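Q: model this:
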Amino acid sequence: KYPKLDNWWGPVGKNGPCGPDTEMFYDVKRDSAKGEEPATNPQKFVEIGNDVFMEYDKQNDGSYKPLKQKNVDTGMGMERILAVLQNAPSIYETDVFLPLMRKIEDMSGNFNTKSARIVADHIRSSVFLISDGITPSNIERGYVLRRLIRRAVRHASLLNINQDFLKDLALTVIKTYAASYPKLDEFQKSIFTKLQKEEQKFKTALTRGIREFEKIQGDILAQNAFDLYQNFGFPIELTIELATEKGKSVDIKGFEDSLVKHQKLSRSASQKTKGGLIVQSNQSAKLHTATHLLHQALRDVLGYHVHQTGSHITDKRLRFDFSHTDKLTSLQIKKVESIINRQIKDNLKVHKKTMPKQAADEIGAIGLFNQKYGDLVNIYYISKSDNIKSAYSKEFCGGPHADSTGQLGRFKILKEESTGSNIRRIYATIGK
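A: This next block holds a predicted model:
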């Protein structure tokens, strides 16, 4: 009955597996007149799932080649099914969202449903991202998180929520989901701290940035959009949203070109070296091994939200950057040193193994946060035996390293400091 445009799934990119699909809809009002259907009255029907009949492989030239191995791919929207089961008009009236929506309404001085739903969706996503160890930043997953938080802050301002609000909403999310996701309780402090720091940082910038936006005459040029991004922390999506509300267009392509140029300049300004090693020597290789021990020891003491964000190694010392919100106490520093020196005393062997990335992920190997790795990776692991699964430390790495931890000598932290938003830095040495 419907053409391919309406009943077809995929491919995800320009080519790949795809095929016709059967979409399943639910009549949310349950009073449809005869002949009414999603195409004629989309407000009364919600899609709750579909079956995709994977039959074709779309080619680069636009043609469709039959797949040798065909299958049926079933997709169901869990929260939409929940809305049906609970007889709710939308997912925001189900028991997973309703406590959050009520809290937002209580806080609002000028409530509107659209902004409330955006705040609810974005704060829930942010809580789970932070519990997975992600920190707001300007790159990759960290930037996804930052954009979610900043859009939530902007829509909270439209709701006339004047007080700091993210911590209270995060607590509501944690209470709603903690029984099924106990790690939310474990990471509660980290979640609160990161949300509050990002909220406080952006609130002032948001007010000043909107004032600057209001001064722009006509459509938003590439330089306007880049200035809002660079000077006020406005993600391009926020600028587009503001422009759309004013009936203005944005030069997105020009902004993206400016951003790429800026990123290239930034990369050339910070030269990358192998494993963070500025010089290649036996001593720097030993210090490199020490960074692996330090990475794991920090996770042991502070929690598994800790991830390496960078390193710099010379012949004399190591510098190690990692994600964490608070200054380390003297007791925490002593614990980290003690753990590392115990591994050094045990004279653990340093092994190298090449394996598929998926297998490395499954055994818990860690690496440089936000670093992209290929399908086949090198894992350096530090262990009493050849068994990688029981290793004390296992990391994605290109080397070089010491042969064993006993070669390192005593490990000592010289200094611990902040380098900016939610990133800490340690300077340390090894030897007698």
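
Q: only C-alpha atoms from now on, for both contacts and neighbour counts.
A: Noted.

Q: just the helices in the stretch 51-200 of the chain please.
A: Ranges of helices in the stretch 51-200 of the chain, per DSSP state H, counting those that start in this stretch, are 78-85, 98-107, 113-131, 140-158, 166-177, 183-186, 188-215.

Q: just put the ones you listed in JSON lines and tack on mean neighbour count, distance to His288 and mean pLDDT.
A: Formatted as JSON lines, the helices of the stretch 51-200 of the chain follow (neighbours: other CA atoms under 10 Å; distance: least, CA to CA, whole Å; pLDDT from 0 to 100):
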{"stretch": "helix 78-85", "mean neighbour count": "17", "distance to His288": "46", "mean pLDDT": "88"}
{"stretch": "helix 98-107", "mean neighbour count": "18", "distance to His288": "46", "mean pLDDT": "94"}
{"stretch": "helix 113-131", "mean neighbour count": "20", "distance to His288": "28", "mean pLDDT": "94"}
{"stretch": "helix 140-158", "mean neighbour count": "21", "distance to His288": "26", "mean pLDDT": "89"}
{"stretch": "helix 166-177", "mean neighbour count": "19", "distance to His288": "38", "mean pLDDT": "94"}
{"stretch": "helix 183-186", "mean neighbour count": "17", "distance to His288": "31", "mean pLDDT": "88"}
{"stretch": "helix 188-215", "mean neighbour count": "17", "distance to His288": "28", "mean pLDDT": "87"}
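
Q: okay, these in TSV with distance to Gly62 next?
A: Shown next, in TSV, are the helices of the stretch 51-200 of the chain (distance: least, CA to CA, whole Å):
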stretch	distance to Gly62
helix 78-85	34
helix 98-107	45
helix 113-131	37
helix 140-158	31
helix 166-177	45
helix 183-186	46
helix 188-215	42
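
Q: quick one: closest of those helices to Thr22.
A: Thr22 lies closest, by CA to CA, to one member of the helices of the stretch 51-200 of the chain: helix 78-85, at 16.8 Å.

Q: give me the helices and strands touching that closest one, please.
A: Counting by 3 or more CA pairs under 8 Å, 6 or more residues apart in numbering; DSSP states H and E, the packing neighbours recorded for helix 78-85 are strand 45-58.

Q: if we use 10 Å, what do you get?
A: Contacts defined by 3 or more CA pairs under 10 Å, 6 or more residues apart in numbering; DSSP states H and E place helix 78-85 against strand 16-27, strand 45-58.

Q: which among these is found nearest to Ile423?
A: With CA to CA as the criterion, Ile423 lies closest to strand 16-27 of the helices and strands packed on helix 78-85, at 40.1 Å.

Q: what comes up buried for the closest one?
A: Going by neighbour count (16 or more other CA atoms under 10 Å), the buried part of strand 16-27 is 16-21, 23, 25-27.

Q: which one of the helices and strands packed on helix 78-85 lies nearest to Ile430?
A: strand 16-27 (52.1 Å).

Q: rounded mean pLDDT for the closest one, please.
A: Averaging pLDDT along strand 16-27 yields 88.

Q: output it as PDB - backbone C-alpha positions only.
A: Extracted C-alpha coordinates of strand 16-27, given in PDB (Å, rounded to 0.1, in the frame of the first residue of the first chain):
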ATOM      1  CA  GLY A  16      25.200  -1.400   3.100                       C
ATOM      2  CA  PRO A  17      22.500  -3.800   4.200                       C
ATOM      3  CA  CYS A  18      18.900  -2.600   3.900                       C
ATOM      4  CA  GLY A  19      15.400  -3.700   3.000                       C
ATOM      5  CA  PRO A  20      11.600  -3.200   3.400                       C
ATOM      6  CA  ASP A  21      10.100  -3.100   6.800                       C
ATOM      7  CA  THR A  22       6.800  -3.600   8.600                       C
ATOM      8  CA  GLU A  23       6.100  -0.900  11.200                       C
ATOM      9  CA  MET A  24       3.900  -1.500  14.200                       C
ATOM     10  CA  PHE A  25       1.800   1.300  15.500                       C
ATOM     11  CA  TYR A  26      -0.400   1.700  18.600                       C
ATOM     12  CA  ASP A  27      -3.500   3.900  18.700                       C
END
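
Q: that one versus strand 45-58: what angle between them?
A: Angle of strand 16-27 versus strand 45-58, following axes from the mean of the first three to the mean of the last three CA atoms, to 10 degrees, is 170 degrees.

Q: mind giving me the packing neighbours of strand 16-27?
A: Counting by 3+ CA pairs under 10 Å, 6+ apart, strand 16-27 packs on strand 8-9, strand 45-58, strand 64-76, helix 78-85.

Q: let me see the mean pLDDT of the shortest one.
A: Pointing back at strand 8-9 there. 88.
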